[in-house]
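Undergrad: here are the coordinates; sequence isn't available:
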């Protein structure tokens, strides 16, 4: 996610919350990743979820840990590819569902009889701002805090059981 959602300017004056591995690249490289996703050269999007505690991210840049929280920002950041016209919604969703499942030899990633009842219900157009204070993860390190996005998860169902419900939508 971070490779198409950010470029090296996010690091700015050595902002360690944008320090990740591999490191963020220039805008031309970011656009090349977007093009690779759009034409199918890159066929999987992952969250790159690598949370770090606040103390290890608040060190001087060269000493700070690499890693950015990714699970709670993956959907709206990926949906930017749909909203800006780089990918169709169905192709985008396949990069995060059926293609990873196929690559890993898993039965999931699709809605079909016998497949795991794992799904996400979301509004692809709902505008909101990423707010690190609302994260459920133990870590809050994100360079996306206060970023305006579109697309909000509403419910998450794992093995047929609801495990998340957006409190703003209840």
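TA: Cool, got the structure. These numbers were taken from a predicted model, which means no experiment stands behind them.

Undergrad: residue nearest the centroid of this structure?
TA: residue 74 (1.5 Å; Cα atoms, centre = their mean).

Undergrad: Pull the contacting residues for residue 83.
TA: 150-151 (Cβ atoms under 8 Å, 6 or more residues apart in numbering). Heads up, the C-betas are built off the backbone N, CA and C, glycines and all.

Undergrad: measure residue 146 to residue 97 for me?
TA: 28 Å (Cβ to Cβ, to the nearest Å).

Undergrad: So those two - more neighbours on which side?
TA: Set residue 146 next to residue 97 and count neighbours by other Cβ atoms under 10 Å: residue 97 wins out with 19 against 9.

Undergrad: and the closest residue to the more buried one other than its chain neighbours, how many residues sit next to it?
TA: Nearest in space to residue 97, with sequence neighbours left out and distances taken as Cβ to Cβ, 6 or more residues apart in numbering, is residue 109 at 4.3 Å. Residues near residue 109, counting by other Cβ under 10 Å, number 20.

Undergrad: Check the one 5 residues further on too.
TA: Summarising burial for residue 114: neighbours were counted as other Cβ under 10 Å, giving 5.
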